[in-house]
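> Pasting a predicted model and its sequence here:
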Amino acid sequence: MRLLLILLLVLSSASAQSGVTFEKALSRSVASPGEPVKVVLTVTNNGSEAITDLTVRDSVSLPGFSYKYVEYLSYLAPGESRSFSYTIPAPEEGNYTLPSAELEFTSGGRRITLRSGEVVLRVTSAPPATSGQNFTGDVANKSAETRLYPEPKKGLTVKQALKFSLLGIIGILPIAYLVVRHFRKRGKEIAKLYQEKRIEPPERDVVKEAKQTFYAGRKREAFALVSAELRQLLRRRYGRGRSMTLREGMTLLSGDERLPEEVRSLARESAELCELVEYARHEPSPEELHLALKGLSKLKTALEKET
């Protein structure tokens, strides 16, 4: 007897030091013969350190039924709780005491053993006086069943999802129609204003665009802008169509003595740089961009002075 008391004292001390609780509960304390009853074993680590190498053992011996249950868990963090369960059939009528379950684990380098309390199962063919109760030992706990066996969350069915999607589309259609109608009407008003007052759209600043494009890393695109602007100026100058190439335009410019030689020379250098980048896959430098833009600007200024 003294040895048993010492053992119980050591076990309770180990439980207090480790902060681990071990409980055994039933999904129902009163059942009909043959009705399934779930046995739930819950381990809770209330301590400040993790416990490891957990082994849960339980056994049931009822008339016509016996079962041994073993479960292993490698790690349980502080504040974490873990439940294990198995199902047994209720035997013939009578009161049955299910023995304690055993938990072994390692904490702080020591191997500790805990035992849960016993639970009582009453089997009767008459309906229970109070239904929906869950017992841990002989203490009623109505909230435990909800905690241990939560109702599954129900999501939307495919039919409901399609219904809500269709309603959403139908609801947004009038708004989309009004927005499109507004912008179409506003666009017509702006077009009419341009037509009546003959408002010319602002002229593109090709030099600024080319610089921004070049320093954004799109160097070939920058020289393509310069080349396109040169062709446009030369087409207007000599009354040629869109099929005129830059080389053809520069040939006409070379024999045009109405323009100063300095302007023609700078324009030729600009055109040659554009062709070098386009056809020879030349990697242009900022200095070459500056030279190409200088030739374009000089040519544009000279042509504007003549008009």
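Good, I have the coordinates.

> does the residue of the chain most remote from its centre count as helix, strand or coil?
Of all residues in the chain, Glu257 has its C-alpha farthest from the mean position, at 68.2 Å, by Cα atoms, centre = their mean. Counting by DSSP: H, G, I helix; E, B strand; the rest coil, the backbone at Glu257 sits in coil.

> residues in contact with it?
Applying Cβ atoms under 8 Å, 6 or more residues apart in numbering to Glu257 gives no contacts. C-betas here are computed from N, CA, C, even on glycine.

> Quick check: beta-bridge partners of Ser61?
The partner list for Ser61 in beta bridges (DSSP bridges) reads Ser66.

> after whichever strand or helix holds Leu253, next one along is what?
Element membership for Leu253, per DSSP states H and E: helix 246-254. Where DSSP H and E defines the elements, the next helix or strand beyond helix 246-254 is helix 261-279.

> tell me the angle of that following helix relative to helix 246-254?
With axes from the mean of the first three to the mean of the last three Cα atoms, to 10 degrees as the basis, helix 261-279 and helix 246-254 are set at 170 degrees to each other.

> residues making contact with helix 261-279?
Under the criterion Cβ under 8 Å, 6+ apart, residues 219-220, 223-224, 226-227, 230, 246-247, 249-250, 253-254, 256, 282, 284, 288, 291-296, 298-299, 302 lie in contact with helix 261-279.

> Tell me the buried residues within those.
219, 223-224, 226-227, 230, 246, 249-250, 253, 284, 288, 291-293, 295-296, 298-299, 302 (16 or more other Cβ atoms under 10 Å).

> mind listing which of those are in helices?
219, 223-224, 226-227, 230, 246, 249-250, 253, 288, 291-293, 295-296, 298-299, 302 (DSSP state H).

> for the protein, what spans make up the strands?
Assignment of strands within the chain using DSSP state E yields the ranges 20-26, 30-31, 36-45, 51-62, 65-76, 81-89, 94-98, 102-107, 110-115, 119-123, 135-136, 139-140.

> For the helix holding Leu253, which helices and strands make contact with it?
If contacts are counted by 3 or more Cβ pairs under 8 Å, 6 or more residues apart in numbering; DSSP states H and E, helix 246-254 sits against helix 219-238, helix 261-279.

> Could you dump the ones you listed into a markdown table with distance to Lys192 and mean pLDDT added?
Formatted as a markdown table, the helices and strands packed on helix 246-254 follow (distance: least, Cβ to Cβ, whole Å; pLDDT from 0 to 100):
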| stretch | distance to Lys192 | mean pLDDT |
| --- | --- | --- |
| helix 219-238 | 28 | 91 |
| helix 261-279 | 40 | 90 |
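
> Is it possible to get JSON lines of those that adds distance to Val179?
As requested, these are exported to JSON lines (distance: least, Cβ to Cβ, whole Å):
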{"stretch": "helix 219-238", "distance to Val179": "34"}
{"stretch": "helix 261-279", "distance to Val179": "43"}
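
> Number of residues surrounding the residue lying closest to Ala224 once chain neighbours are set aside?
Residue nearest to Ala224 in three dimensions, not counting chain neighbours: Glu278, with 7.1 Å by Cβ to Cβ, 6 or more residues apart in numbering. Applying other Cβ atoms under 10 Å, we find 14 residues neighbouring Glu278.

> Could you check how far Glu278 is from Lys24?
Going from Glu278 to Lys24 by Cβ to Cβ, to the nearest Å gives 85 Å.

> swap in Tyr67?
14 Å.

> Please identify which of the two sits among more neighbours.
Per other Cβ under 10 Å, whichever of Tyr67 and Lys24 has more neighbours is Lys24, with 21 against 14.

> And the pLDDT at that one?
On the pLDDT scale, Lys24 is placed at 95.
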